[in-house]
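In: Predicted model, plus sequence, below.
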Amino acid sequence: MELPKDFKEKMQNLLNDEYDDFLSSYNENKKQGLRVNTLKISVDQFKNISPFELEKIPWVSEGFFYKEKDKPGKHPYHEAGLYYIQEPSAMAVGEIISPNPGEKVLDLCAAPGGKTTHIASKMNQEGLIVANEIHPSRAKILSQNVERMGIKNVIVTNETPENLSKKFENYFDKILVDAPCSGEGMFRKNPEACSEWSLKNVCLCKERQLDILKCASSMLKVGGRLVYSTCTFSPEENEQVISEFVKENTNFEIEKISAYHGFDKGRKDWTKEGVEGIENTIRIWPHKIAGEGHYIASLRKIDGEDSKTRKILKTITDKKVLKDYLEFEKEFLVSRIDGNYILFGEELYSIPKDMVSLDGMKIVRPGLHIGTIKKNRFEPSHALALYLNKLDVKYSYNIDKDSQQIIDYLKGHALKINGQKGWYLVEVDGYSIGWGKLSGDTLKNHYPKGLRWI
């Protein structure tokens, strides 16, 4: 890999004696990681059924290195949402923000969804997560990944930080700002980031990061935690951003992060202001651990205004509107879906309890997509299938991961089976992967066309 000349000169000036080791890390293969989705399967259960050669990632309890030959992105377990493929260093962010069930959490720059889904796994479907992405195409990918992991309590928005800050002032318990950056820490993983890098872009990123932090700070409750992360090495985008922010916002203080062995401290000598606490932030270097570059800071809001009363989103109370869905639920489900329902056109969603009004906001996913209410019938969504398990439904059909039948299903083919007519939750080794509808001896395939294997 040919690194930019300005980048190498800059890193040599910063690292001095460590520079040769740092440069040598670019000759090594990038590290591959996956994180077990504990909403669907425990870590021990996954280890028992995993077809991959796994090695524990020390700094995250659900994380594992895998070998490139394993190709977990092309496996039925991936489609069932049993794990999320994520860069190993990036997993440290979810550990540090450490959300609790029942809290309100914002992931402000969330696509493609690695950190959102990590946060969700720790909240166990309780509370609220707003996952925002400003770019529409990336927001759709974010929503698809949330869906695949079977997550119920995530709202996906496609907004600017400024617009969100008007809606959610002093609202969230935890906020993650995984800031857009110059991407220096991903050069080995993503060579395109290397070709797009420049010193000018580093400065532009810094200004944008400070603007995003300003918006985020106004949405955090007093006593709340704001975690800032980047995948770049530049002090301008890391220590200097945090120093300038804390200097201008004296109601925030830098928290000490418990760093894993091999993680470095932030460098006070790389700042201009010399703000106390920068050494409590952490840096992750590719020549010191098995992962790419990352910077993480945790800030606590120690003063400010109290949260205000907000207009709550109205849910459906008229059972006549839900008639077709309730008939489906009675006929095919054992467990009821929590009844905070809203309709977006024909699309029925279950939303988190006490959700604020979404008026005027660009919403990609207002909650768990239950299905489509059509004239005189209801069709369950793929998202609902991935949220449910066989104990929630009356009919299910299980397929072995190594069988030709699971390949046929993922390609969209109908299956020949015997049973009662109606909707079946299709599973791979006991884990839901989609819907099928049985008529006669033919299970019609309802795996989404856009997801089908070619």
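Out: That came through, no problem. Numbering: from 1, shown residues only.
In: in the helix or strand of the chain with the lowest mean pLDDT, what counts as buried?
Out: In the chain, the helix or strand scored least confidently by mean pLDDT, DSSP states H and E is helix 191-195, which has a mean of 84. Neighbour counts over helix 191-195 (16 or more other CB atoms under 10 Å) mark 193, 194 as buried. (Each C-beta comes from the backbone N, C-alpha and C, glycine too.)
In: One more: stretch 247-259?
Out: Neighbour-count burial for stretch 247-259, counted by 16+ other CB under 10 Å, picks out 249, 252, 253, 254, 255, 257, 259.
In: which among the residues you listed gets closest to residue 106?
Out: Of all the buried residues of stretch 247-259, residue 106 sits closest to residue 252, with 15.9 Å by CB to CB.
In: picking that back up, looking at the buried residues of stretch 247-259, which gets the smallest pLDDT?
Out: Across the buried residues of stretch 247-259, the bottom pLDDT score, 83, is held by residue 259.
In: out of everything not next to it in sequence, what's closest to that one?
Out: Closest residue to residue 259 apart from its sequence neighbours, by CB to CB, 6 or more residues apart in numbering: residue 282 at 4.8 Å.
In: mind checking the longest strand of the chain?
Out: Longest among the strand segments of the chain by residue count, using DSSP state E, is strand 220-230.
In: got a list of contacts for that strand?
Out: Outside strand 220-230, the residues that touch it by CB atoms under 8 Å, 6 or more residues apart in numbering are 93, 96-97, 170-179, 181, 185, 209, 213, 216-217, 237-238, 241-242, 252, 255, 294-307.
In: just how off-centre is that strand within its chain?
Out: 17 Å (CA atoms, centre = their mean, to the nearest Å).
In: Strand 220-230 and the next helix-or-strand element following that strand, what's the angle between them?
Out: Using DSSP states H and E, the next helix or strand after strand 220-230 towards the C-terminus is helix 239-248. Computed with axes from the mean of the first three to the mean of the last three CA atoms, to 10 degrees, the direction of helix 239-248 lies at 160 degrees from that of strand 220-230.
In: could you give the mean pLDDT of helix 239-248?
Out: Averaging pLDDT along helix 239-248 gives 97.
In: can you give me the strands in the stretch 151-300 of the chain?
Out: For the stretch 151-300 of the chain, strands defined by DSSP state E, counting those that start in this stretch occupy the ranges 154-157, 172-178, 220-230, 252-254, 264-265, 282-284, 294-301.
In: Just checking: what are the partner strands of the last one?
Out: Right, strand 294-301. strand 220-230 (antiparallel), strand 252-254 (antiparallel), strand 282-284 (antiparallel) (DSSP bridges).
In: Please identify which of the ones you listed is closest to residue 363.
Out: That would be strand 220-230 among those, by CB to CB, at 21.8 Å.
In: Quick check: the gap between the closest residue to residue 246 other than its chain neighbours and residue 97.
Out: Distances taken as CB to CB, 6+ apart place residue 275 nearest to residue 246, at 5.2 Å, with adjacent residues excluded. Going from residue 275 to residue 97 by CB to CB, to the nearest Å gives 21 Å.
In: So for the two, which residue has more residues nearby?
Out: Higher neighbour count among residue 275 and residue 97: residue 97, with 23 against 18, using other CB atoms under 10 Å.
In: Tell me the bridge partners for the residue lying closest to the more buried one once chain neighbours are set aside.
Out: Nearest non-adjacent residue to residue 97, counting by CB to CB, 6+ apart: residue 227, 4.5 Å away. Counting by DSSP bridges, residue 227 forms beta bridges with residue 176, residue 298.
In: and residue 227, how many neighbours?
Out: 24.
In: cool, residue 418 as well?
Out: For residue 418, the count of nearby residues is 8 (other CB under 10 Å).
In: quick one: secondary structure of it?
Out: Look at residue 418: counting by DSSP: H, G, I helix; E, B strand; the rest coil, its state is coil.
In: Redo the strands paired with strand 294-301 as CSV? Include distance to residue 441.
Out: Listed next are those as CSV, based on distance: least, CB to CB, whole Å:
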stretch, distance to residue 441
strand 220-230, 53
strand 252-254, 64
strand 282-284, 55
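In: Can you say which of the ones you listed is nearest to residue 381?
Out: Nearest to residue 381, of all the strands paired with strand 294-301, is strand 220-230, at 31.8 Å by CB to CB.
In: Okay, angle between that closest one and strand 172-178 too, please.
Out: Using the same axes, to 10 degrees: strand 220-230 against strand 172-178 is 20 degrees.
In: Return the set of buried residues in strand 220-230.
Out: Buried, per 16+ other CB under 10 Å, within strand 220-230: 220, 221, 224, 225, 226, 227, 228, 229, 230.
In: Name the pair among the residues you listed with the greatest separation in space.
Out: 221 and 230 (24.0 Å).
In: For residue 116, grab the count of nearby residues.
Out: Residues near residue 116, counting by other CB under 10 Å: 29.
In: For it, list the residues it contacts.
Out: By CB under 8 Å, 6+ apart, residue 116 lies in contact with 107, 110, 129, 131, 142, 145, 146, 154.
In: Distance check, it against residue 190.
Out: Separation of residue 116 from residue 190 (CB to CB): 20 Å.
In: do the same with residue 269
Out: As for residue 269, its distance to residue 190 is 29 Å (criterion: CB to CB).
In: These two: who's more crowded?
Out: A count of neighbours by other CB under 10 Å puts residue 190 above the other of residue 269 and residue 190, at 16 against 9.
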